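Visitor: Compute the structure for the input listed below.
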Amino acid sequence: MIQLRLLGPPDLTLDGGSPPAELLWRKHLALLAYLALSPRRARTRDHLVGLLWGDKAETSARHSLREAIRVLRQAMGADAIETEGQLIRLAAAGVQVDTETFDACASREDWEEAAKLVAGEFMEGFGVPGASPFEDWLTSVRAEWRSRLTDAAVNVARACLRAARIDEARRAAGRALAAEPLSDLAVQTAMQAEALAGDPAAALQLFGTFERRSQEAGTAPGAETAALAARIRGGQARARPARARGPESWTRRAPLVGRAAVLGSLMDLWDTVRAGAGAAVAIVEGDLGRGKTRVLEEVAGRTILAGGTVARALAVRPDRDEPGSGILGLARGGLLHAPGVAAAAQAALGSFGGRLAEWADRFPGARGDGAWPLATAFREIVLAAVEEQPLVLAVDEAHWLDDESLHALLAVARDARAKPLLLLLTVMPSAQSAVMDDLRAAIGGAVHGRSIALAPLDAADLRALAEWALPTYAPDALARVTRRLASDTAGIPLLAIELLHAITLGLEPDDSGVVWPAPARTLSQTLPADLPDSVVAAVRVGFRGLSAGAQRVLAGMAVLPERATDEHLCRAVELPLDEARRALDELEWQRWITSDARGYTFVARIVRDIIGRDMLTPGQRRRIEAAAGVAPT
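Guide: Next comes the predicted model:
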């Protein structure tokens, strides 16, 4: 049996070993490859003579063909080549070709296995001088396979993006773009990978290069490619701050480990919504630090890059006492820019315009005292928006939403049952809210959807995080780190990342062997003083690794109320506004904090508590409170 590999530099093995040297002669190998890829693996003598020996006299050419057939039979067996009059056929059982294996993988959409077969361009570096018909065939087949290999690489990249394997997606998209530099599909996938990796500047650089190449070839980027570039350029994702480019900081922005199934389930739900299945509700439940916010960010980022609209809000504890604050948060968080909003009733637009300056500026004719109740206006505007384009309403920490907003969300999910709307909420499982309970109960009944609980990371997930954060560690050292992560963090992603980040900065956790947390204790029930010393130390080390401005801003946020604006923070910590904003960018990129249109807050309350308790003296706290004009605590 001959194994013939053509997807890359041609390679041939015979029964697992090296073939005779004669079989590797250019025209003999060319004949074998050509017959293997021919219809029914058969060609006429005249055709083959013209293909490979057209530069010779007919007698000499036919002799060369007979000699080539003899070599193939001698290597493969007498039955490997069948001759019947003018027809020459390669026996099906005699040769296994990687192109056929690729076809089988593609037919079952196993793109990752198909891509593994590819080592380069079809018959890369191979040619037969003087055989112009064969060279023409080779050029044509290379173009065909270049397109197929690009499609396979794009499909691999898309699957990796869906599973949050961003680095693998970037590599696969890069292979696709290298194979076909003028492929819109390839550059779109590469741009999406860079944007989801948090580097929109790199995505736009790819587009610029693609645009120049297209112009040089006399074409232009496709409409979808240009639209994607516009979405990225529109500020839906920000470039990394300068300080965040390096090992001292990038380790805090970890890959989404252990959440591929969750992300895939949510994206499947969104796909059904976009395809016309109607509105759906998704509730992502998890204790503090389980990665709820990160999952929401990943869904929102993919939705935006695909051309969808996302209105997003972050709820904090004081919002429970402010009726309608959640609705207004979504109005500030992207709903204004949803196509179709302008078709809503003027009274509804006026209700928002009377409360929010940006809505009043967008719809000056709708200024008024908000004659419609806020919830009614919200319903009208959302229903108008989904008539034009699919919409995601995403609320992080939704257990802190006021009841009026929760009632409005439940009502709009029911009323938009046949419309392309996804309501995505992250909540604490222990949240006490009758309205939230009603929303959970409605799933599967009044509304379509699903509720997903985030489990702790298992040992394999923690090992993957350790391998990513500590690439120079030997296997035995990684095993020790993984054991410490398991005992000190209980598989909570936030704490695992904190501890790994501190290790990269020099922390050496002890090996006390104390298992944490104690039985029946959760992070939400645990005070900072009860955390393992290594976790508290990790937060301290990470804090000290920040720039001076970022340390001041983070200290201020630990003192001020749970949501703070950049202007409020710059007064509290006595920094110029532009310097405070640079510090906020650094902190947001490194995932110490998160933001919405109303201000900034900590990603995890536990980190806020540690910083407020351990990083500030009483005098520093009093000075921040005095500068900010808040009552002393």
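
Visitor: what does the strand or helix carrying Ile452 contact?
Guide: Using DSSP states H and E, Ile452 sits within strand 448-453. Residues outside strand 448-453 that contact it (C-beta atoms under 8 Å, 6 or more residues apart in numbering) are 262, 265-266, 269, 277-286, 417, 423, 429, 440, 443. Every residue, glycine included, has its C-beta placed from N, CA and C.

Visitor: Tell me which of those fall in strands.
Guide: Using DSSP state E to define strands, the subset of those located there is 280-285, 423.

Visitor: Can you add distance to Val539 and pLDDT and give these back as CSV?
Guide: Output for the ones in strands among the contacts of strand 448-453, formatted as CSV (distance: C-beta to C-beta, whole Å; pLDDT from 0 to 100):
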residue, distance to Val539, pLDDT
Ala280, 37, 93
Val281, 35, 94
Ala282, 31, 95
Ile283, 29, 94
Val284, 25, 95
Glu285, 25, 93
Leu423, 34, 95
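
Visitor: Out of the residues you listed, which two sit at the greatest distance?
Guide: Maximum pairwise distance among the ones in strands among the contacts of strand 448-453 (C-beta to C-beta): 16.3 Å, between Ala280 and Glu285.

Visitor: Neighbour count: the two, which is higher?
Guide: Using other C-beta atoms under 10 Å, the more surrounded residue of Ala280 and Glu285 is Ala280, with 23 against 19.

Visitor: And for Gly354, the neighbour number?
Guide: Neighbours around Gly354, by other C-beta under 10 Å: 18.

Visitor: Point out the other helices and strands that whichever helix in the chain runs longest packs with.
Guide: Of all segments of type helix in the chain, defined using DSSP state H, the longest is helix 132-162. Applying 3 or more C-beta pairs under 8 Å, 6 or more residues apart in numbering; DSSP states H and E, one finds that helix 132-162 contacts helix 26-37, helix 45-52, helix 98-107, helix 111-116, helix 166-179, helix 184-196, helix 260-272.

Visitor: Strands of this protein, residue ranges please.
Guide: Counting by DSSP E, the strands of the chain are 2-5, 11-14, 42-44, 81-84, 87-90, 95-97, 280-285, 309-314, 391-396, 421-427, 448-453, 593-596, 599-602.

Visitor: now those as a markdown table including distance to Arg379?
Guide: A markdown table is the format used below for those (distance: least, C-beta to C-beta, whole Å):
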| stretch | distance to Arg379 |
| --- | --- |
| strand 2-5 | 61 |
| strand 11-14 | 64 |
| strand 42-44 | 68 |
| strand 81-84 | 74 |
| strand 87-90 | 69 |
| strand 95-97 | 61 |
| strand 280-285 | 15 |
| strand 309-314 | 14 |
| strand 391-396 | 12 |
| strand 421-427 | 11 |
| strand 448-453 | 18 |
| strand 593-596 | 21 |
| strand 599-602 | 26 |
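
Visitor: quick one on the thing from earlier: could you check the angle strand 421-427 makes with the strand holding Ile452?
Guide: Counting by axes from the mean of the first three to the mean of the last three C-alpha atoms, to 10 degrees, strand 448-453 points 20 degrees away from the direction of strand 421-427.

Visitor: What residues sit buried inside strand 448-453?
Guide: By neighbour count on 16 or more other C-beta atoms under 10 Å, the buried set for strand 448-453 is 448-449, 451-452.

Visitor: Of the residues you listed, which is the nearest to Cys160?
Guide: Ile452 (21.0 Å).

Visitor: Bridged to the closest one, which residues?
Guide: Here Ile452 shows beta-bridge partners Val284, assigned using DSSP bridges.

Visitor: How many residues are close by the nearest residue to Ala202 once chain neighbours are set aside?
Guide: Sequence neighbours aside, Glu194 is the residue nearest to Ala202 in space, at 4.2 Å (criterion: C-beta to C-beta, 6 or more residues apart in numbering). Number of residues near Glu194 (other C-beta under 10 Å) recorded here: 24.

Visitor: Glu194 contacts Asp167, correct?
Guide: No - Glu194 is not in contact with Asp167 according to C-beta atoms under 8 Å; the separation is 11.2 Å.

Visitor: For this protein, which residues score under the pLDDT cut-off?
Guide: Scanning the chain for pLDDT under 70 picks out 235-253, 366-370, 509-530, 633.

Visitor: got a list of what the nearest residue to Asp596 once chain neighbours are set aside touches?
Guide: Spatial nearest neighbour of Asp596, excluding adjacent residues (C-beta to C-beta, 6+ apart): Leu314 at 4.2 Å. Contact analysis of Leu314 by C-beta under 8 Å, 6+ apart lists 329, 395-397, 563, 594-596, 598, 601.

Visitor: now do Gly291
Guide: 256, 259, 454, 493-494.

Visitor: Please check these and keep the buried ones.
Guide: Neighbour-count burial (16+ other C-beta under 10 Å) applied to the contacts of Gly291 gives 256, 259, 454, 493-494.

Visitor: Ser433 and Ala413, how far apart?
Guide: According to C-beta to C-beta, to the nearest Å, Ser433 and Ala413 sit 16 Å apart.

Visitor: Which residue of those two possesses the greater neighbour count?
Guide: Ala413 (25 against 18).

Visitor: In this structure the more buried one contacts Asp438, no?
Guide: No - using C-beta under 8 Å, Ala413 is not in contact with Asp438; the gap is 11.1 Å.

Visitor: which residues sit in contact with the spatially closest residue to Leu29 that is not a sequence neighbour?
Guide: Leaving out its chain neighbours, the residue that sits closest to Leu29 by C-beta to C-beta, 6+ apart is Pro10, at 6.3 Å. Shown in contact with Pro10 (C-beta under 8 Å, 6+ apart): 4, 29, 33, 123-124, 126.

Visitor: try Ile443
Guide: Contacts of Ile443 by C-beta under 8 Å, 6+ apart are 281, 283, 449-451.

Visitor: Out of those residues, which is nearest to Ser38?
Guide: Among the contacts of Ile443, and counting by C-beta to C-beta, the member closest to Ser38 is Arg450, at 50.9 Å.

Visitor: how about JSON lines for the contacts of Ile443, with distance to Gly94 added?
Guide: Formatted as JSON lines, the contacts of Ile443 follow (distance: C-beta to C-beta, whole Å):
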{"residue": "Val281", "distance to Gly94": "59"}
{"residue": "Ile283", "distance to Gly94": "59"}
{"residue": "Gly449", "distance to Gly94": "56"}
{"residue": "Arg450", "distance to Gly94": "52"}
{"residue": "Ser451", "distance to Gly94": "57"}
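
Visitor: what's the closest of those to Ala143?
Guide: Nearest to Ala143, judged by C-beta to C-beta, of the contacts of Ile443 is Arg450 at 44.6 Å.

Visitor: and the gap between the closest one and Leu423?
Guide: For Arg450 relative to Leu423 (C-beta to C-beta), the value is 12 Å.

Visitor: who touches both of those two?
Guide: Both Arg450 and Leu423 are contacted by 280, 282, under the criterion C-beta under 8 Å, 6+ apart.

Visitor: Please parse this protein into its domains.
Guide: Using automatic domain parsing, the domains assigned to the chain come out as 2-130, 134-239, 260-333+377-453, 459-541, 546-628.

Visitor: looking at those, which is closest to Ala357?
Guide: So among those, domain 260-333+377-453 is nearest, using C-beta to C-beta, at 10.0 Å.

Visitor: Straight-line length of the closest one, end to end?
Guide: Distance between the two ends of domain 260-333+377-453: 13 Å, counting by C-alpha to C-alpha, to the nearest Å.

Visitor: ranges for the helices of the stretch 351-500 of the chain?
Guide: Along the stretch 351-500 of the chain, the stretches classed as helices by DSSP state H, counting those that start in this stretch are 357-362, 374-388, 403-415, 434-442, 459-469, 475-489, 493-504.
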